[in-house]
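Undergrad: Return atomic coordinates for the entry below.
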Amino acid sequence: MRPVRTHTFNGRKYKIIVTPPLDGQCTTYKPERELWIMESLRTKNGLITVLHECLHAEKWTADEDTVDRVSKEIGNLLWRMGYRWRPPK
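TA: Residues are numbered from 1 along each chain as shown. This is a model prediction of the structure:
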């Protein structure tokens, strides 16, 4: 399995960057869109961060409270269902 390097949200292609210094960040205003994700993807917080930043990329006009609530609700459900990140080989 190859690491994911890009993904398209709402017709816009984003570069995916996994890095330790940040919890997460989604840049929507630059020509080169980037979605930054914390490195500890094996944790429930990591899963929620991925969802949080994906929601920003999908609907960047959504308010932070809504994005935060929805990412936690979906992340908690997926975690309870056993979804976990497996590093690429």
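Undergrad: Which residues are in contact with V67?
TA: Counting by Cβ atoms under 8 Å, 6 or more residues apart in numbering, V67 touches H52, L55, H56. To be clear about C-beta, it is placed using only N, CA and C from the backbone, and glycine gets the same treatment.
Undergrad: and if we set it to 10 Å?
TA: C26, L51, H52, E53, C54, L55, H56, E58, K59, W60 (Cβ atoms under 10 Å, 6 or more residues apart in numbering).
Undergrad: For it, pull up the helix or strand it's in.
TA: Secondary structure from DSSP states H and E places V67 in helix 64-80.
Undergrad: So which bits of that helix are buried?
TA: Going by neighbour count (16 or more other Cβ atoms under 10 Å), the buried part of helix 64-80 is V67, S71, I74, G75, L78.
Undergrad: gap between the spatially closest residue to the fourth one that is not a sequence neighbour and W79?
TA: So that's G75. Distance criterion Cβ to Cβ, 6 or more residues apart in numbering; nearest residue to G75, sequence neighbours excluded, is I48 at 3.5 Å. Noted for I48: a distance of 8 Å to W79, by Cβ to Cβ, to the nearest Å.
Undergrad: still on that earlier bit, in TSV: the buried residues of helix 64-80, plus pLDDT and distance to W36.
TA: Shown next, in TSV, are these (pLDDT from 0 to 100; distance: Cβ to Cβ, whole Å):
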residue	pLDDT	distance to W36
V67	95	15
S71	95	15
I74	94	19
G75	93	17
L78	92	20
